[in-house]
Each structure stands twice: as structure tokens, then as C-alpha cells.
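Enquirer: Show me how the following folds:
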Amino acid sequence: MAGNSSGTELMVPTVSDVIYRYTWNIRKYARNTHKRDSFDSPPFEFNINGILTKWNMGIRFWKGPEGKKLPNPVVLCLNLLSCGISEPEQIKIRFQFAIYNEEIKQWEMCHVSRTVLQLQTTQDMLSIGYRDLSILERHIEPRKGDVSLFVKLQLVQTEAERNSLYQDLGRLLNSQAGDIIICCDDGQEFQAHTDILRCRSPVLAYMISLKDENNRLDLHDMSGDMVQEILRYIYTDHVDNLDTLASSLLAAADRLKLPGLKVLCERSLLETITPESVASLLLLADQFNCEPLKKAALAYCEDNATSIKKTLAWKVMEIVNPDLFMEACEAGLGSSISSNLDSLPSDTDLNSLS
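Expert: Presented below is the predicted three-dimensional model:
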């Protein structure tokens, strides 16, 4: 559907039925970064229901205090190069970047971004959005130095958005006209619909079969914010606050048997790996059997062995999951973490935290 010279027009019930994907392979990226100030993809066109758009992706570099180009993070951009449309129309645009991890042979997904545009016929370039992205050794093809990126792009006409299934179900959830009340640990309560809950989660279906005579379902180990996002996902397949709740929602998704929510959380956490967080994410991935997250965290350990921080999580891992600790060391940390554990809290200190 997309390419350097794509001119095919698709006729579909609504624009929102189609998600485009454009893959950009940057040849010899590793060899050319010191020579070039920018990279731009070939233009690609989408023509659907009479809306003709031309796009490209670009990479720009930040500069340090002395004006020197910084290799990371780069700025990955999505640009609308031109648009042809019979009459101006408001369109919602959703897009998501990803970068290919050559070591684990999987795409590392960025967060979904959204914006609203008044589309009209124009030949002027418009920047739609950007994000900072670190291009590390694991992303570089070892023989040729290539880097692969892609963008998923969805155009949503506002009328179609307003009448989509997920919007209708979202309004149903917000109507507070359900037949069961869900009670949270902070006193918040939400109304929901037993048939929808049963269809989405076998665990909730079983809990509903045991509900009390007042049609109340107790989730007293979850906060209202957590339950609100779980219900939003159950009704609409969307989550609004993944950036702050991904770890907690991952555990809840595993417990409630919501595999789609678990995947969303895992993808979000892939983007948050840092020297300070990698140990905690390894523990989380191992506990809930998130193999892509675990592989990405181990690859991060290998690439960033010298910058891994000596956090409490490493001490906890060595005590409660020594096999995982050894796996991390074998991935590239060597004895660097183990040799520094003396500076971390002792077992007595750990016991005092419990």
C-alpha cells in the first residue's frame, strides 16, 4: 500500500479501516552519521477515498552546548509533503514509529502519537510529529551498518471516529448504566456490563459467577486509576496512561488473562529501558513470562554494561532469582554488577524494608 511511487487508490467504508505501514531502510547509516547532518526517506504516497497524501520520514541531530552534533538521541520526524483533497476536512492522524533490533530480530515499538489536522490541498511541507530515539549497536546491521525504521500511519475522519465501535463502547462505559459495580481499594466504584467483562476475561467471568447478591465485584487490591484503565481497554482496546501505569497494568493483565493489554504494556516498557530501570524490568519480564521484554533488557545489558547502575533491584535479583542474575551477567555484564554489590544494601537492610 505504500512505497516510493505508490499511486494506488483504495476504496474502503472509512479511512480509519486502513493502517499504512512504511519501512525505511537507511543503508550504511553507521558509516555516514559523521558525514551527514540529516537523513530523509524517499517520499511515499497514500491515496484513499479521494484523499491523496505524500509523506516522508526524516532524522535530525541535536547539538551540544558547543554546537557539536550529538550521535544520540536523534530526532525522528514524520512530515506531510503535500495533500490533495476535494474540500477541506478535519482528519485525526495516528502514527507509531518503530526501530528494528538486529540482535533479537524484533521491532521495538514507540508510543502511539495522535494529532488533528485540517487537511486541504497544499504543496507545502508540514511537520506532523517527532520523537527522540536512540539508535544503538543492537539496531545496526553488523555487516553493512544499515538501520531499519518504520512508521504505521492511520487517517481517521472525524465522523467515522465519532461512530466507530470503540467510541460507542467507550460511551457505553462512561454512561454508568451497567449491571454490575466494581469496587476498588481506594473507594472508587465503576459500573460495567457483565456480558462484556465475561467475553473479554475468563478470570472476570469466573469472579462474576461468584459475585454477591448486590451485584458488586470487589477488586480491592487495585486502585481506581488501574481499574479505570483496565475497563477502558476491555471496552475500547485503548489505554490512556501507559507511560505511568505500564508495570502495574502488566501484572493486572497477566492476572486477569488479558493478553492484548499485556502486549501493549510490554511494548511500552520496551521504550523505558535505562541503566536505572533495566534490572527491575528484567525481574518483571521474568515474573510474567514476557519474552520480548526480557530479550530486549538482556540485549540492553550487553550494549550498556559500563553504564548499568548499581540499584537495589540487582541485589534483590541476586537473592530471589539467582538464575536470572547469572543470565544478565552472562549477557555482557560480567562481574561488574556482582563486584559492586558491597555498595548496595545488605540482607539485613533488605529485610527491614519488608
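
Enquirer: Retrieve the pLDDT associated with the spatially closest residue to Ile104 that is not a sequence neighbour.
Expert: Nearest residue to Ile104, sequence neighbours excluded (Cβ to Cβ, 6 or more residues apart in numbering): Lys295, at 4.3 Å. Every C-beta, even on glycine, is put in place using the N, C-alpha and C of the backbone. Predicted confidence (pLDDT) for Lys295: 90.

Enquirer: Tell me which helix or strand Lys295 sits in.
Expert: Lys295 belongs to helix 291-303 when assigned by DSSP states H and E.

Enquirer: list the buried ones in that helix?
Expert: Neighbour counts using 16 or more other Cβ atoms under 10 Å place Pro292, Leu293, Lys294, Lys295, Ala296, Ala297, Leu298, Ala299, Tyr300, Cys301, Asp303 of helix 291-303 among the buried residues.

Enquirer: And what about the closest residue to Lys211 other than its chain neighbours, helix, strand or coil?
Expert: Among residues not flanking Lys211 along the chain, Leu217 sits closest, at 5.3 Å (Cβ to Cβ, 6+ apart). Put simply, Leu217 is strand when judged by DSSP: H, G, I helix; E, B strand; the rest coil.

Enquirer: my guess is Pro73 contacts Asp132, does it?
Expert: Yes. Under the criterion of Cβ atoms under 8 Å, Pro73 makes contact with Asp132 at 4.1 Å.

Enquirer: and Ser268, what is it in contact with?
Expert: His111, Leu242, Asp243, Ala246 (Cβ atoms under 8 Å, 6 or more residues apart in numbering).

Enquirer: do the same with Leu261
Expert: Ile230, Tyr233, Val239, Leu249, Ala252, Ala253.

Enquirer: do that again at 6 Å, thanks
Expert: Tyr233, Ala253 (Cβ atoms under 6 Å, 6 or more residues apart in numbering).

Enquirer: for the stretch 51-200 of the chain, what spans make up the strands?
Expert: 51-63, 69-84, 89-101, 106-109, 113-119, 126-133, 147-157, 180-184, 189-192 (DSSP state E, counting those that start in this stretch).

Enquirer: what is the orientation angle of the longest one with strand 51-63?
Expert: Angle between the axes of strand 69-84 and strand 51-63 is 170 degrees (criterion: axes from the mean of the first three to the mean of the last three Cα atoms, to 10 degrees).

Enquirer: Check the separation of the first and last residues in stretch 75-94.
Expert: End-to-end distance of stretch 75-94 (Cα to Cα, to the nearest Å): 18 Å.

Enquirer: Buried residues, that stretch. List them.
Expert: 76-85, 89, 91-93.

Enquirer: before we move on, what about stretch 273-282?
Expert: Those would be Ile273, Pro275, Ser277, Val278, Ala279, Ser280, Leu281, Leu282, for stretch 273-282 by 16+ other Cβ under 10 Å.

Enquirer: Mark which of those are part of helices, please.
Expert: In this view, the buried residues of stretch 273-282 that belong to helices under DSSP state H are Val278, Ala279, Ser280, Leu281, Leu282.

Enquirer: ok, so of those, who is nearest Asp168?
Expert: Leu281 (36.0 Å; Cβ to Cβ).

Enquirer: The closest one contacts Ala297, doesn't it?
Expert: Yes. Applying Cβ atoms under 6 Å, one finds Leu281 in contact with Ala297, separated by 5.1 Å.

Enquirer: circling back to that earlier point, so which of the buried residues of stretch 75-94 sits lowest on pLDDT?
Expert: Lowest pLDDT among the buried residues of stretch 75-94: Glu89, 75.

Enquirer: and it, what does it touch?
Expert: Leu119.

Enquirer: is it in a bridge, and if so with what?
Expert: Leu119 (DSSP bridges).

Enquirer: where's it relative to Gln118, distance?
Expert: 8 Å (Cβ to Cβ, to the nearest Å).

Enquirer: Nice, that's everything, thank you.
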